[in-house]
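J.: fold the following for me, if possible:
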Amino acid sequence: ISLVSEIEGLTTRGIAPKGRLFVSDSAHLVLPYHRRLDERLESLRGKGKLGTTGRGVGPAYVDKVNRTGLRVHDLLDPRELRNKLQERIEEKNRLLAFLGGEPINPEEVVERCCEAAEFLREMVVNTTIWLAEAMRDGKDMLFESAQGSFLDIDFGTYPYVTSSNTTAGGAVTGTGVPPHRIDRVVGCLKAYTTRVGAGPMPVECAELADLLHQRGREFGATTGRARRCGWFDGVMSRYSGLINGFDELAVTNLDGLDTLETIPVCVAYEWQGRRLSYPPASAAQWEECVPVYKEFQGWRQPTSDVRRYADLPDLAKQYLDALAELTGSPVRLVSVGAGREQTFLVE
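T.: Reported below is the predicted structural model:
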């Protein structure tokens, strides 16, 4: 339903997704009852809230693993879709009642889903075959993960994670493209650290967050919530490079640090008298880690008008070199703003 709304919004702006946007017939559907369950379960956690966006992703993955989820190909058979939806809604309403939540209106959901199904019908394809044919034809491909590596269900700050694999390996499991066909992995890192929702963040700094928020930066794209902000975390970036296999880095938001006299960078953690180069698996231990900082001199001049790497201040280049050394991969792209022209290659 949300996808149809987005497509209609683009169409009214003169952008035609049809014929250019394709949806995997094997993708699982996030349905209204998933959102209702997500919101209710989060509210019941009290002080133990995970910080979920409340969009229903977690409950949809529960259905996927339980083998009770609906998939995109179910949209192609209206009669079967109605039957399956009515069955699932009856089941979810019993669960919502047990949790003290409001039930879902079955007829309303069925009608809206059937309308969306008809709208999306011509976009549904077997994307694995589509991609295989594109590879055979020598086409270039870019796969983008939806969240950061530390929201990965296996490698992230569990349980403060999303429900999918957000690391580079997810490009393989999510598309059906063979692992050996991935040519290059680009690690996208901000020049500092941000996080939305609960979970460990040793480098968090209220002063930096205030600075960035006052400048209208760092608000969640999905929820609009103010992001938690902190200094660059070399421990997290080093581990992220390890589990993703970064070939190169794209460092964004460099201009966010333009006004600072000194810029701390976390190079290690201290935990119970031990110095850690990589993060612990336990979120509770992670919360206890104390960052070890190395300070860099700020460049204290605006960079948002820079269009070539050569024109960056020398101190900004030194800072980028330090991030590359900590992460173990060279910086290949730098951005100093949201505009396309504000992203440039390191040459």
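J.: from here on, contacts and neighbour counts on C-alpha atoms
T.: OK.
J.: so what's the backbone phi/psi at Glu248?
T.: With angles defined as degrees, to the nearest 10, Glu248 sits at phi -160, psi 170.
J.: help me confirm that it comes into contact with Val331.
T.: Yes - if you go by C-alpha atoms under 8 Å, Glu248 and Val331 touch, sitting 5.8 Å apart.
J.: which of these two has more neighbours?
T.: Val331 (23 against 20; other C-alpha atoms under 10 Å).
J.: now the more buried one: how far from Val124?
T.: 38 Å (C-alpha to C-alpha, to the nearest Å).
J.: pLDDT wise, what is Phe344 at?
T.: Phe344 is assigned 97 on the pLDDT scale.
J.: surely it touches Ser335?
T.: Yes - using C-alpha under 8 Å, Phe344 is in contact with Ser335, at 6.5 Å.
J.: who has more neighbours, the two?
T.: Set side by side, Phe344 and Ser335 show more neighbours around Ser335, with 25 against 17, by other C-alpha under 10 Å.
J.: could you break this protein into its assigned domains?
T.: 2-125, 184-345 (the TED database).
J.: residues near Arg82, how many?
T.: With other C-alpha under 10 Å as criterion, Arg82 counts 20.
J.: strands along this protein, start to end?
T.: Listed in chain order, the strands of the chain (DSSP state E) span 23-24, 124-125, 186-190, 193-195, 228-230, 232-233, 248-252, 262-271, 274-276, 290-297, 331-335, 343-345.
J.: most packed of those?
T.: strand 232-233 (a mean of 26; mean count of other C-alpha atoms under 10 Å).
J.: adjacent strands (with direction) for it?
T.: The strands that strand 232-233 pairs with in its sheet are strand 262-271 (parallel) (by DSSP bridges).
J.: which ones are touching the spatially most central residue of the chain?
T.: Most central in the chain under C-alpha atoms, centre = their mean is Gln147, positioned 1.2 Å from the mean C-alpha point. By C-alpha atoms under 8 Å, 6 or more residues apart in numbering, Gln147 lies in contact with Thr166.
J.: try it again at 10 Å.
T.: Val161, Thr162, Ser164, Asn165, Thr166, Thr167 (C-alpha atoms under 10 Å, 6 or more residues apart in numbering).
J.: just give the closest residue to the last one, not the sequence neighbours.
T.: The one in question is Thr167. Excluding its sequence neighbours, the residue lying closest to Thr167 (C-alpha to C-alpha, 6 or more residues apart in numbering) is Ser149, at 5.2 Å.
J.: Glu288 too?
T.: Trp271 (6.6 Å).
J.: now Ala134: how far from Gly19?
T.: 15 Å.
J.: still on that earlier bit, and which of the contacts of Gln147 is nearest Tyr61?
T.: Ser164 (8.0 Å; C-alpha to C-alpha).
J.: and the closest one, how many neighbours?
T.: 17.
J.: so what's it closest to, chain neighbours aside?
T.: Ser164's closest residue in space is Ile153 (C-alpha to C-alpha, 6+ apart), at 5.5 Å.
J.: picking that back up, now do the shared contacts for Glu248 and Val331.
T.: Val186, Gly187, Cys188, Ala324.
J.: pretty sure the last one is touching Val251, no?
T.: Yes - assessed by C-alpha atoms under 10 Å, Ala324 is found in contact with Val251 at 9.4 Å.
J.: buried ones among the contacts of Gln147?
T.: Buried members of those, counted by 16 or more other C-alpha atoms under 10 Å: Val161, Thr162, Ser164, Asn165, Thr166, Thr167.
J.: is it possible to get CSV of those residues that adds pLDDT and distance to Tyr319?
T.: Formatted as CSV, the buried ones among the contacts of Gln147 follow (pLDDT from 0 to 100; distance: C-alpha to C-alpha, whole Å):
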residue, pLDDT, distance to Tyr319
Val161, 91, 29
Thr162, 89, 31
Ser164, 91, 33
Asn165, 93, 30
Thr166, 94, 27
Thr167, 95, 25
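J.: quick check: of these, which lies closest to Leu85?
T.: For these, the nearest to Leu85 is Ser164 (23.6 Å; C-alpha to C-alpha).
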